[in-house]
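J.: build me a structure from this.
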Amino acid sequence: MQRKVRVSVIGPSEATPQTLALAEQVGSEIARRGAILVCGGLGGVMEAAARGAKQAGGLTIGILPGTDAWDANPFIDAPIVTGLGEARNVIVVRSADVVIAIGGAFGTLSELAFALKLGVPAVGLGTWQLRAPDGSEPPIILADSPTDAVEKAFLAMRRRHK
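T.: Here you go, the predicted structure:
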């Protein structure tokens, strides 16, 4: 039996309508490719991506910071309660074959840092642009559109698992 690909979508709980539209399209593209969408399970980018995935017939998992499964947005199939607060961000990243960051606040920045530290490929769509102290740019793969983000995510994931 082959395991399904897991794609974590990360982004802020409060976002512009444009960012939410991008997230919904990314979620839809993930589901169309038969992958499981993983996210933080709450509102904003997380909810928009889960909505897109559900509308396209996909499966969604929400890694929640609290202890109540009912805190999950209505598009989450499997809420995972952690009671870890923001520390759950590492689980959102660890649970994925690849991460797609859309927009971003400081929680998104922490998840990008975990992805880079843990070697999980990270694709960015209108997200943080980083530089190391030596001036080098961390390996965040930049995307121009939701379709481009998902295509690059699947390519990066295949390279990682060769």
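
J.: going forward, measure contacts between C-alpha atoms and count neighbours the same way
T.: Noted.

J.: bridge partners for the residue nearest to the spatial centre of the chain, pull those for me.
T.: Residue closest to the average C-alpha location in the chain (CA atoms, centre = their mean): Val9, at 1.3 Å. According to DSSP bridges, the partner residues bridging Val9 are Ile100.

J.: quick one: it and Ala101 touch, right?
T.: Yes: checked against CA atoms under 8 Å, the pair Val9 and Ala101 is within contact range at 5.9 Å.

J.: count of residues packed around Thr82?
T.: Each residue near Thr82 was counted by other CA atoms under 10 Å, and the total is 17.

J.: for Ala69, see how far away it is.
T.: 10 Å (CA to CA, to the nearest Å).

J.: swap in Glu86?
T.: Counting by CA to CA - Glu86 and Ala69 are separated by 16 Å.

J.: what of Thr127?
T.: Using CA to CA, one gets 28 Å for the distance from Thr127 to Ala69.

J.: neighbour count winner among these two?
T.: Thr127 (22 against 18).

J.: pLDDT wise, what is that one at?
T.: In the predicted model, Thr127 carries a pLDDT score of 94.

J.: need the contact list for it.
T.: With CA atoms under 8 Å, 6 or more residues apart in numbering as the criterion, the residues that contact Thr127 are 101-104.

J.: so among these, where is pLDDT lowest?
T.: On the confidence scale, the contacts of Thr127 reach their minimum at Gly104, with 88.

J.: count of residues packed around that residue?
T.: A count of nearby residues for Gly104, using other CA under 10 Å, gives 24.

J.: numbering from 12 from now on, please.
T.: In the new numbering, first residue 12, that becomes Gly115.
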